[in-house]
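Engineer: show me the folded form of this:
(one chain, ligands or ions: 1)
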Amino acid sequence: MPLLKAARTVRENAHAPYSNFKVGAAVRAVSGKIYVGCNVENVAYPEGTCAEAGAIAAMVAAGETELVEALVIADSPLPVSPCGGCRQKMAEFGAANVPVTMATVAGKSETLRLEELLPGAFSPQHMDKG
Ligand code: THU
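Structural biologist: Model prediction:
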């Protein structure tokens, strides 16, 4: 519930004048602390950032590098699905079994583990030439 409330609240601050699609995200770090983010769009469209990216950046800026739970919410007909880039960003800091809840403002939700959202994730092992 705290994650849901945090993401729902920060979503209101989203800067989304181009898509009109406000997204809020919250991650719980291993310390128990919750970090939030919202999407921040730009008139140069590709320069916008996703809500999940903002929450992860806040966590890392605070000195934490492990997330144990994540939640993303939008005013969408279906529980909002993190984009591919955000799945990889979450996988950088979350274990395979980390639950990611996708929610709608109206109250629908679905929870999947990171490994279900990003099977075969690119990982440090893929760069290990030894
Ligand atoms: N968006 C997010 O912030 N997170 C998601 O999980 C899906 C998409 C944003 C990016 C863009 O600002 C808007 O939603 C429409 O794609």
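Engineer: what comes up buried for stretch 65-76?
Structural biologist: Neighbour counts using 16 or more other C-beta atoms under 10 Å place 67-74, 76 of stretch 65-76 among the buried residues. To be clear about C-beta, it is placed using only N, CA and C from the backbone, and glycine gets the same treatment.
Engineer: tell me which two of those sit farthest apart.
Structural biologist: Using C-beta to C-beta, the buried residues of stretch 65-76 span at most 24.9 Å, a distance reached by 68 and 76.
Engineer: spell out which parts of the chain neighbour the ligand.
Structural biologist: By the rule C-beta under 6 Å from any ligand atom, the part of the chain lying against the ligand is 16, 19, 21, 23, 39, 41, 48, 50-52, 72, 80, 82-83, 86.
Engineer: what residue is smack in the middle of this protein?
Structural biologist: Taking C-alpha atoms, centre = their mean, the centroid of the chain lies closest to residue 52, which sits 2.8 Å from it.
Engineer: ok, residue 71 - contacts?
Structural biologist: 3-4, 7, 25-27, 100-103 (C-beta atoms under 8 Å, 6 or more residues apart in numbering).
Engineer: from these, which land in strands?
Structural biologist: 25-27, 100-103 (DSSP state E).
Engineer: from those, list just the buried residues.
Structural biologist: Going by neighbour count (16+ other C-beta under 10 Å), those have 25-27, 100-103 buried.
Engineer: out of those residues, who's nearest the ligand?
Structural biologist: residue 25 (6.8 Å; C-beta to the nearest ligand atom).
Engineer: may I have the beta-bridge partners of the closest one?
Structural biologist: On the basis of DSSP bridges, residue 25 is bridged to residue 37, residue 72.
Engineer: tell me who's in contact with it.
Structural biologist: Applying C-beta under 8 Å, 6+ apart, the residues near residue 25 are 7, 10, 36-38, 50-52, 54-55, 70-73.
Engineer: cool, thanks, talk later.
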